[in-house]
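Visitor: pasting the sequence and the predicted coordinates here, then a few questions.
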Amino acid sequence: MKLKISRVEALPPARLRFKWANRNYSEVDVSEYLKSPGHERLRDPAFFARAQVEEWGHGVEWPGADVGIPAEALYRLSREQAGDAFPTADFNAWMKRNALSLTTAANALHLTRRTIIYYSTGAKPIPAYIGLACKGWEVTHRPRANAARTAKQHAVRRGRPRSR
């Protein structure tokens, strides 16, 4: 099913309130888009206020600019900001912190590589349980690093550095 937006209201400086075709409402902070290249004009509150639903309802656009945000991205942001999805940035940080490729992350979480691509690019919201799985994987697969960090923290708290 393709997501469709039926109405949008801009709330400058960086929030959008919109109605989905299924009659549900969402409100999202899109400030991350205002920081990205090509979206500079959206930083002007007067211009931002001109947001409108794109022709077929598959996103939000601003007239007079080749700038828009797809409905799928708005849906993902609304889920993340409501706490119903694991943030894409946190997922990518987990992969980087643990030196995981798309394939090794897929193997670690018992998911397909394609699903990891969807999650890492923000194409689909990441279910909260996947976020918990990432945290659990990290705890169980990095015990030596965690133990060394904990020992060092305890030594610093006691006032003497730990010798190696």
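Guide: That came through fine.

Visitor: switch to C-alpha atoms for all contacts and neighbour counts from now on
Guide: Fine.

Visitor: so, low pLDDT: which residues of the protein?
Guide: Applying pLDDT under 70 to the chain flags the ranges 1, 143-164.

Visitor: list the buried ones in stretch 16-29?
Guide: 16, 18, 19, 20, 26, 27, 28, 29 (16 or more other Cα atoms under 10 Å).

Visitor: and the second one, what element?
Guide: When elements are defined using DSSP states H and E, residue 18 is found to belong to strand 15-20.

Visitor: can you give me the end-to-end span of stretch 102-120?
Guide: Stretch 102-120 has an end-to-end distance of 9 Å (Cα to Cα, to the nearest Å).

Visitor: follow-up on the earlier one: farthest-apart pair in the buried residues of stretch 16-29, please.
Guide: Greatest spacing in those, by Cα to Cα: 20 and 29 (16.4 Å).

Visitor: what number of residues lie near the closest residue in space to residue 13 that isn't next to it in sequence?
Guide: Excluding the flanking residues, the one nearest residue 13 by Cα to Cα, 6 or more residues apart in numbering is residue 45, at 5.3 Å. By other Cα atoms under 10 Å, 14 other residues sit near residue 45.

Visitor: separation between residue 45 and residue 18?
Guide: For residue 45, the distance to residue 18 - Cα to Cα - is 18 Å.

Visitor: can I see the domain layout of this structure?
Guide: According to automatic domain parsing, the chain comprises the domains 5-81, 85-157.
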